[in-house]
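Chemist: Below: sequence and its predicted model.
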Amino acid sequence: MEERLEEVENRIGYQGRLLDELNEVVIKQQEQIDQLQLKVKSLSRVIEGLDPGAVDPGEEPPPPHY
């Protein structure tokens, strides 16, 4: 009986450590997502600020396969 109790305690300890490690991964991923969202917003503002008439599509040469 004591061996089984020890085995259960070991498993619970292992699962606790694993849960902590997975939590750290999730935290890091959320930080990366937050940074990427900021970059996307910044790039969106830059794109919205571009003058669509600045480049006349007629001035661009056709792609080589035409």
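Modeler: Received the coordinates, thanks.
Chemist: what separates the host helix or strand of L43 from the chain centre, distance-wise?
Modeler: In this assignment (DSSP states H and E), L43 forms part of helix 2-49. Relative to its parent chain, helix 2-49 has a centroid offset of 11 Å by C-alpha atoms, centre = their mean, to the nearest Å.
Chemist: and that helix, what does it pack onto?
Modeler: Helix 2-49 sits against no helix or strand, with contacts defined as 3 or more C-beta pairs under 8 Å, 6 or more residues apart in numbering; DSSP states H and E. In this view, the C-beta of every residue, glycine as well, is placed from N, C-alpha and C.
Chemist: Quick check: mean pLDDT of it?
Modeler: Across helix 2-49, the average pLDDT comes to 96.
Chemist: burial of P62, as a residue count?
Modeler: By other C-beta atoms under 10 Å, 6 other residues sit near P62.
Chemist: can you pull the contacts of it?
Modeler: Applying C-beta atoms under 8 Å, 6 or more residues apart in numbering, we find P62 in contact with no residue.
Chemist: does it sit in a helix, a strand or a coil?
Modeler: At P62, secondary structure determined by DSSP: H, G, I helix; E, B strand; the rest coil is coil.
Chemist: So what's the predicted local confidence for it?
Modeler: Reported pLDDT for P62: 76.
Chemist: separation between it and P52?
Modeler: Distance, P62 to P52, by C-beta to C-beta, to the nearest Å: 20 Å.
Chemist: same deal with P64?
Modeler: 25 Å.
Chemist: likewise Q15?
Modeler: On the measure of C-beta to C-beta, Q15 and P52 end up 56 Å apart.
Chemist: more neighbours, the two?
Modeler: Q15 (10 against 5).
Chemist: what's the spacing between that one and R45?
Modeler: 45 Å.
Chemist: Kindly report the same for E24.
Modeler: 32 Å.
Chemist: try D20
Modeler: 38 Å.
Chemist: same thing with Q29?
Modeler: Applying C-beta to C-beta to Q29 and R45 gives a distance of 25 Å.
Chemist: Find the residue at the geometric middle of this structure.
Modeler: I33 (4.0 Å; C-alpha atoms, centre = their mean).
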